[in-house]
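Q: my questions concern the predicted model and sequence given below.
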Amino acid sequence: MLARKLPLTAAVAVTSLSLPFCQLAYAQYPTPGILSRAKTYVGPKLTEQAAKLAAQPDMTGIWQMLDPEGACGGPLFNPESAVCPPRPPSGEQTFGPLPGTKMQGIPYNAKYQKMYDAYVADALQGKARDTFAACVPYGVPRMVGASPVAFDIIQAPDVMLWYNPYGRTERRIFLDGRKHPSGEETDRAGPSYSGHSVGRWEGDTLVVETVNMINAFFDETAAPHSEKLSMVERIRLIDPKVIENEMTITDPEAFTKPWVVKRYYGRTKPLTMNGTMRTDRLLSLNDRPCVPNVKMDADGFQVMMLPQEIEEAEARARGAAAPAEQ
């Protein structure tokens, strides 16, 4: 990953990512007339786009989730409300929340509270439900609230991109005034891990509304949410090196009222190896620490794959990657 303020040419090029392929102006090969004047053609300048970008607070860079002092081991979506077992003796290796760690204050209805309590109890029995180990992407809520590693923010005038290579999740926040998909368009696309995000600037605060997300977990404690979840974020710089994100989360299937959580991100440095910038890791969604011999069973628990299952999966992958015979 690499901290950077995009050159305007690159920044504006990112805006083209927001256009479906069918809407591109030149979907056909350039005409003879276009080719004949190619050497002398002078393209339009980026004056308008530059002015629009210059008016935005600079959030471009790499950002790390910040936890309050004394918080339970995580990552946790709302560490301030979590309770956890005593930490193990010094020297014992742990990763992620200790079994039995639980967030309090989530406004679950009775059905979802019972579900969450059961998932926490499962963890105490050594039954893990976290789908991330099986290479399932985080999804936006977990990406913005419970990631143990830093993520990239890239700004352009009409779209902002957030990338989390570790969590294999990316989101695009459209700032061009578009609305969320509706009707047949929503039904055809279905929910996704990233959902659909639209934003607007209210002074120096970016207000983002995200909908149409797949049901998933808020964090590794397996706190669940449904596909009806929606989220409004109020994102602002409170220091050159600190972003505040106040999230108001609504889920009519799982919650009895909106849930408000505030998270902070600290600007950090890019990953290096022996003092050299690791540009090979830049925005690589394939750079993920999933476990190759773990899968989720029919009951939603992590299980180890048998050697022959791994061999069969690898053979299928090789077959899918092989070019078709002529």
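A: Sure thing, it's come through. Numbers count the residues shown, from 1 in each chain.
Q: and residue 210, what does it touch?
A: When contacts are counted by C-beta atoms under 8 Å, 6 or more residues apart in numbering, residue 210 touches 140, 171, 195-197, 230-233. Every residue, glycine included, has its C-beta placed from N, CA and C.
Q: mind running it again at 7 Å?
A: Contacts of residue 210 were listed using C-beta atoms under 7 Å, 6 or more residues apart in numbering, and they are 140, 195-197, 230-231.
Q: just the buried members of the residues you listed?
A: Applying 16 or more other C-beta atoms under 10 Å to these, the neighbour count classes 140, 195-197, 230-231 as buried.
Q: as a markdown table, those residues with pLDDT, secondary structure and distance to residue 114 would be great.
A: Shown next, in a markdown table, are the buried ones among the contacts of residue 210 (pLDDT from 0 to 100; DSSP: H, G, I helix; E, B strand; the rest coil; distance: C-beta to C-beta, whole Å):
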| residue | pLDDT | secondary structure | distance to residue 114 |
| --- | --- | --- | --- |
| 140 | 91 | helix | 26 |
| 195 | 93 | coil | 26 |
| 196 | 95 | strand | 31 |
| 197 | 96 | strand | 31 |
| 230 | 96 | strand | 23 |
| 231 | 97 | strand | 24 |
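Q: out of these, who's nearest residue 307?
A: Residue 307 lies nearest to residue 140 out of those, by C-beta to C-beta, at 35.6 Å.
Q: pretty sure residue 117 sits in a helix.
A: Yes - when classified by DSSP: H, G, I helix; E, B strand; the rest coil, residue 117 is found to be part of a helix.
Q: can you count the residues close to it?
A: Residues lying near residue 117 (other C-beta atoms under 10 Å) number 12.
Q: and if you look at residue 75?
A: Residue neighbour count, defined by other C-beta under 10 Å, stands at 21 for residue 75.
Q: show me what contacts it?
A: Neighbour list for residue 75: 65, 146-148, 219-220 [criterion: C-beta under 7 Å, 6+ apart].
Q: how near is it to residue 193?
A: Taking C-beta to C-beta, to the nearest Å as the measure, residue 75 falls 17 Å from residue 193.
Q: need the contact partners of stretch 202-209.
A: If you take C-beta under 7 Å, 6+ apart as the criterion, stretch 202-209 is touched by 57, 173, 197-200, 232-237.
Q: what average pLDDT does stretch 149-169 get?
A: Averaging the model's pLDDT scores along stretch 149-169 yields 88.
Q: scratch that, stretch 174-186
A: Taken as a whole, stretch 174-186 has an average pLDDT of 86.
Q: export that stretch as PDB, just CAs?
A: These are the backbone C-alpha positions of stretch 174-186, laid out as PDB (Å, rounded to 0.1, in the frame of the first residue of the first chain):
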ATOM      1  CA  PHE A 174     -20.300   8.300  -5.500                       C
ATOM      2  CA  LEU A 175     -20.200  12.100  -5.000                       C
ATOM      3  CA  ASP A 176     -21.900  13.100  -8.400                       C
ATOM      4  CA  GLY A 177     -25.400  13.400  -7.100                       C
ATOM      5  CA  ARG A 178     -26.700  10.000  -8.200                       C
ATOM      6  CA  LYS A 179     -29.400   8.200  -6.300                       C
ATOM      7  CA  HIS A 180     -29.300   4.600  -5.000                       C
ATOM      8  CA  PRO A 181     -30.600   2.000  -7.500                       C
ATOM      9  CA  SER A 182     -34.200   1.100  -7.000                       C
ATOM     10  CA  GLY A 183     -36.900  -1.200  -8.400                       C
ATOM     11  CA  GLU A 184     -35.800  -3.700 -11.000                       C
ATOM     12  CA  GLU A 185     -32.200  -2.400 -11.000                       C
ATOM     13  CA  THR A 186     -31.900  -3.300  -7.300                       C
END
